[in-house]
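Colleague: what follows is a predicted protein model with its sequence.
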Amino acid sequence: MDGSGFVGASHALAPTSDFVGLEGLIHFAAGGETPFLRRHERTYQRYAELKASGKRGLGQIMADADVARERVAQLLRAKVDEVGFSYNVSQACNMVATVVANGRPGNVVMQRWEYPSMMYPWLRLRDSGWEVRLLANADNLIDYEQLAGLVDSGTAAIVVSHVSYLTGERVDLARLRAMADSVGALLVVDASHSLGVVQADWGLADFVFCCCYKWLLGTHGVSIAYRNQQRLPAWIPQEVGWANVEWQDAADRGGALTPVHTGRMFELGISGLLPAAILGSALDYLSKIPLSNVETHVLNLSEHLLTGLESCGIEVMTPAAASQRAGNVAFAVDDQDAWRERLEEANVLCWTSDNRVRLSTFIYNDDEDVAHALSAVQSTFADLGQRRSSTTTSHSVTSSRSSPIGNTE
């Protein structure tokens, strides 16, 4: 072990044979999509059989979703009643933004390079007179003093990704919590690039949202929506559906609605029950690997990637300090499509958008994967170069070259 606390060699924490389609591939695309677990095929079969068995089957399907809810609560170190299943992060973030917009006029603070799922619901508030204040830095890394300069008594929320989809930077939630508390603002956090990868005190946030098709090894159609009951005991959304209010029999309908105060407030109707069952299966699989081991492994591999890229002469966007990163390592390029195609020709999967290449390490990766990827990167770099200056990266949220699907993060 060296002075940084990382071991010299990293062996995979999970066999590639547990996943679909990894044969012959070096998968460094976890920040976009992780491969499907083979065990999910059994989950799908169980769901199909239960769905064919009427109301009794639906009851069991919903019970399976509740098991997933319990596993999410364990991961967040939260109460089960604080966990809801929205269809995606955008839906949950819109529900919070709508409540904020209905209160006092003010402003919301975030980074210009925040992902659209978290940014766009707040941008629409500008039509009603709200101000969205954006921190803008040439290197797309947080400057806490500059961010604090945007926060004042009118700030209603600080919105942030715990780990940036763009640069891979991990932010200090405790510092942001103190900043929010100084003016009575909400702290709204996207955990899509950190939950299940690195440890964090999620209780520092008022809301935590997270997609499930990345590091949690789930699929599309369900996302995690956590509301901190201790901090926001009376908070409820404005949107209503049959599932987030108390049930009324047909003869009693038409009177006042009674909203639920659990995490189910984010579920307007039946949530994505099959994706929730798959999430439960995935979290059961991940529970066999201590999160502390996952964090050490991912940070170890990402350090090897980062230092290897720099040795090739590539300027990396991701902070070097282990406390300021997680599984993502990114570098700016002039032609992201050509870079991705060249790496894929070498059987290395990466993710591209915003004129950058992102390599993401996870439990099925090892040092041999890193060595293979670095060899492919070095060859591609020799032919394509990187870019004239990675510190002049465009602040646009999505690349003008890519389709919306290509920007799925």
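Modeller: That came through fine. Numbers count the residues shown, from 1 in each chain.

Colleague: who's in contact with the helix or strand in which Ala371 is found?
Modeller: Ala371 belongs to helix 367-384 when assigned by DSSP states H and E. Defining contact as CB atoms under 8 Å, 6 or more residues apart in numbering, one finds that helix 367-384 is touched by 9-11, 26-28, 301, 304-305, 308-309, 312-314, 333-335, 338-339, 342-343, 346-348, 359, 361. Bear in mind the C-beta positions are built from the backbone N, C-alpha and C, glycine included.

Colleague: and those residues, which are buried?
Modeller: Those of the contacts of helix 367-384 that meet the buried threshold are 10, 26-28, 301, 304-305, 308-309, 312, 314, 333, 339, 342-343, 348, 359, 361, by 16 or more other CB atoms under 10 Å.

Colleague: ok, which stretches of the stretch 301-409 of the chain are strands?
Modeller: In the stretch 301-409 of the chain, the strands defined using DSSP state E, counting those that start in this stretch lie at 328-332, 348-349, 351-353, 356-360.

Colleague: quick one, the first one and helix 367-384 angle?
Modeller: It refers to strand 328-332. Taking axes from the mean of the first three to the mean of the last three CA atoms, to 10 degrees, strand 328-332 and helix 367-384 form an angle of 10 degrees between their directions.

Colleague: which ones among the contacts of helix 367-384 lie within helices?
Modeller: Using DSSP state H, Leu301, His304, Leu305, Gly308, Leu309, Ala338, Trp339, Arg342, Leu343 are the members of these that sit in helices.

Colleague: show me where pLDDT drops low in the stretch 251-400 of the chain?
Modeller: 387-400 (pLDDT under 70).

Colleague: do you know how far Ala157 is from Met119?
Modeller: According to CB to CB, to the nearest Å, Ala157 stands 12 Å off from Met119.

Colleague: oh, I was asking about Arg356
Modeller: Distance of Arg356 to Met119, computed by CB to CB: 18 Å.

Colleague: what do you get for Ser164?
Modeller: Distance, Ser164 to Met119, by CB to CB: 12 Å.

Colleague: neighbour count winner among these two?
Modeller: Neighbours per residue (other CB atoms under 10 Å) separate Ser164 from Met119, with Ser164 holding more: 29 against 22.

Colleague: confidence score at that one?
Modeller: Per-residue pLDDT puts Ser164 at 98.

Colleague: do the same with the one 4 residues further on
Modeller: What the model reports as pLDDT for Gly168 is 98.

Colleague: which phi and psi does it have?
Modeller: phi 90, psi 10 (degrees, to the nearest 10).

Colleague: and the nearest residue to Pro105 once chain neighbours are set aside, how far from Val377?
Modeller: Once flanking residues are discounted, Pro105 sits nearest to Gly129: 5.7 Å by CB to CB, 6 or more residues apart in numbering. The span separating Gly129 from Val377 equals 48 Å under the rule CB to CB.

Colleague: so for those two, which sits in the more crowded spot?
Modeller: Val377 (25 against 9).

Colleague: which residues does Ser271 contact?
Modeller: Residues in contact with Ser271 (CB under 8 Å, 6+ apart) are Ala65, Phe85, Ser86, Tyr87, Val222, Ala243.

Colleague: make CSV out of the residues you listed and add secondary structure, neighbour count and pLDDT.
Modeller: Below are these laid out as CSV (DSSP: H, G, I helix; E, B strand; the rest coil; neighbours: other CB atoms under 10 Å; pLDDT from 0 to 100):
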residue, secondary structure, neighbour count, pLDDT
Ala65, helix, 23, 96
Phe85, strand, 26, 98
Ser86, strand, 25, 97
Tyr87, coil, 19, 95
Val222, coil, 26, 97
Ala243, coil, 15, 95
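
Colleague: closest one of those to Ile142?
Modeller: Lowest distance from Ile142 to the contacts of Ser271 (CB to CB) belongs to Ser86, with 26.0 Å.

Colleague: beta partners for the closest one?
Modeller: Ser223 (DSSP bridges).

Colleague: ok, Phe207 next?
Modeller: Beta-bridge partners for Phe207, by DSSP bridges, are Val188, Arg227.

Colleague: count of residues packed around it?
Modeller: 23.

Colleague: surely it and Leu186 touch.
Modeller: Yes. Between Phe207 and Leu186 there is a contact under CB atoms under 8 Å: 7.1 Å.

Colleague: need the overlap of contacts for those two.
Modeller: With CB under 8 Å, 6+ apart, Phe207 and Leu186 have common neighbours Val96.

Colleague: which residue ranges make up the domains of the protein?
Modeller: Here the domain parsing of the chain from automatic domain parsing is 16-30+291-407, 41-286.

Colleague: setting aside sequence neighbours, what's the nearest residue to Gly21?
Modeller: Pro35 (5.7 Å).

Colleague: any idea how far the one you found is from Tyr44?
Modeller: As judged by CB to CB, Pro35 and Tyr44 stand 15 Å apart.

Colleague: between those two, which one's more packed in?
Modeller: When Pro35 and Tyr44 are compared for neighbours, Pro35 comes out ahead with 19 against 14, by other CB under 10 Å.

Colleague: which residues touch that one?
Modeller: Phe19, Val20, Gly21, Leu22, His27, Tyr364.

Colleague: now a ChimeraX select for only the buried ones of those.
Modeller: Buried subset of those, written as a ChimeraX selection, criterion 16+ other CB under 10 Å:
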select :19,22,27,364
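
Colleague: so Ala30 makes contact with Lys214?
Modeller: Yes. Counting by CB under 8 Å, Ala30 touches Lys214, with 6.0 Å between them.

Colleague: now Leu268: which helix or strand?
Modeller: Under DSSP H and E, no helix or strand contains Leu268.

Colleague: run a quick neighbour tally on it.
Modeller: 19.

Colleague: ok, the residue nearest to it when sequence neighbours are not counted - contacts?
Modeller: With CB to CB, 6+ apart as the criterion, Leu268 has its nearest non-adjacent residue at 3.0 Å, and that residue is Gly241. Gly241 makes contact with Glu267, Leu268, Gly269, according to CB under 8 Å, 6+ apart.
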